[in-house]
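Peer 1: Just need the structure, nothing else, for what follows:
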Amino acid sequence: MATGVPQYRRLAAGGVLPGVAPALVPDGGGGGEPSCLGGGGAAAHPVPTGYDTVTVPVRHGLETVDILRLRRACGAVLQTAGGSAIAFLVPAGTAERWHLPGSTCTAGAVLLPPTDPRWVMPPSGPNNLVRPTDAWVLRSALCEAACTLTAGGLGPF
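Peer 2: Below is the predicted model:
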């Protein structure tokens, strides 16, 4: 075990929304129910959701989606309205602990209809369940994608 590196544990079942994969949190951190304010699209009032969003530039995001799909670990992913970025849905509470250069994590998520063309990886199943990507698996894939793009002469970002 490395000195000074936080060890991670899974959230207790009571701290996770049903149908949402738990995120990893540092020992001694978190512990309570995650709070999240979501966006409501065109609605005047935000609608609470159980997700935060991690946003990266489009090239970096698409490379990350490929890596996550190969690992069978990719949750729901959206392309932003302007088309210049990719947004990964992660469990609520991730924004409080997210620190990765080249990406931003914001509390809340705007959930689009399952048929919206901006979905890169849409909700699936009979109930169109939105499955988030585990935050620390996403972090690993983002770092791997950055290395791949840099080695190919397409980085730094």
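
Peer 1: Relative to residue 85, how far out is residue 150?
Peer 2: Distance, residue 150 to residue 85, using C-beta to C-beta, to the nearest Å: 19 Å. Any C-beta I mention is one placed from the backbone N, CA and C, and that applies to glycine too.

Peer 1: neighbour count winner among those two?
Peer 2: Between residue 150 and residue 85, counted using other C-beta atoms under 10 Å, the more crowded position is residue 85 (18 against 12).

Peer 1: That one: what's its closest spatial neighbour, skipping adjacent residues?
Peer 2: Once flanking residues are discounted, residue 85 sits nearest to residue 55: 5.0 Å by C-beta to C-beta, 6 or more residues apart in numbering.

Peer 1: And the one you found, what's its pLDDT?
Peer 2: We have a pLDDT of 96 for residue 55.

Peer 1: How is it assigned, secondary-structure-wise?
Peer 2: Local secondary structure at residue 55 is given as strand here, using DSSP: H, G, I helix; E, B strand; the rest coil.

Peer 1: does it really touch residue 102, like I thought?
Peer 2: No. Using C-beta atoms under 8 Å as the test, residue 55 is too far from residue 102 to be in contact (10.2 Å).

Peer 1: Kindly list the longest helix within this structure.
Peer 2: In the chain, taking DSSP state H as the definition, the longest helix is helix 135-151.

Peer 1: ok, and what's touching it?
Peer 2: Residues outside helix 135-151 that contact it (C-beta atoms under 8 Å, 6 or more residues apart in numbering): 8, 23-24, 54, 56, 59-60, 63-64, 66-68, 71, 73, 88, 90-91, 94, 97-98, 100, 102-103, 155-157.
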